[in-house]
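>>> Using only what follows, build the 3D model:
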Amino acid sequence: MSARTFPEALPPIEYGPQDLVRTVQDRGELWLRGRPYRVPEAFRGQPVALRPADEDGVLAVFFLRQPIARIDLRRPAEG
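Reported below is the predicted structural model:
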């Protein structure tokens, strides 16, 4: 058992004005441009930020400051 206390719920999550924010759906999907993309299901119900990655046509998906996935817009969506 840890002596550290943890909050019952996370404080509101806020991202920067330059971020594209999406909420991860029940099956670990987020929708972008009318298409579903898979991200880790552990983030269901949480807002994530999409930011341009180092490659054209690729977005990095962040939860808070942590990168959790990449979306390649050049490939067909996974659903």
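
>>> ok, the most centrally placed residue in the chain to Gly16 distance?
Nearest residue to the geometric centre of the chain (C-alpha atoms, centre = their mean): Val48, 3.2 Å. Val48 sits 13 Å away from Gly16, going by C-beta to C-beta, to the nearest Å. For glycine as for every other residue, the C-beta is placed from the backbone atoms N, C-alpha and C.

>>> How about Ile68?
Using C-beta to C-beta, we find Ile68 at a distance of 17 Å from Gly16.

>>> ok, these two, which is more surrounded?
Comparing Ile68 with Gly16 by neighbour count (other C-beta atoms under 10 Å), the higher total belongs to Ile68, at 17 against 8.

>>> Correct me if wrong: Asp26 contacts Gln46.
No - using C-beta atoms under 8 Å, Asp26 is not in contact with Gln46, being 11.8 Å away.
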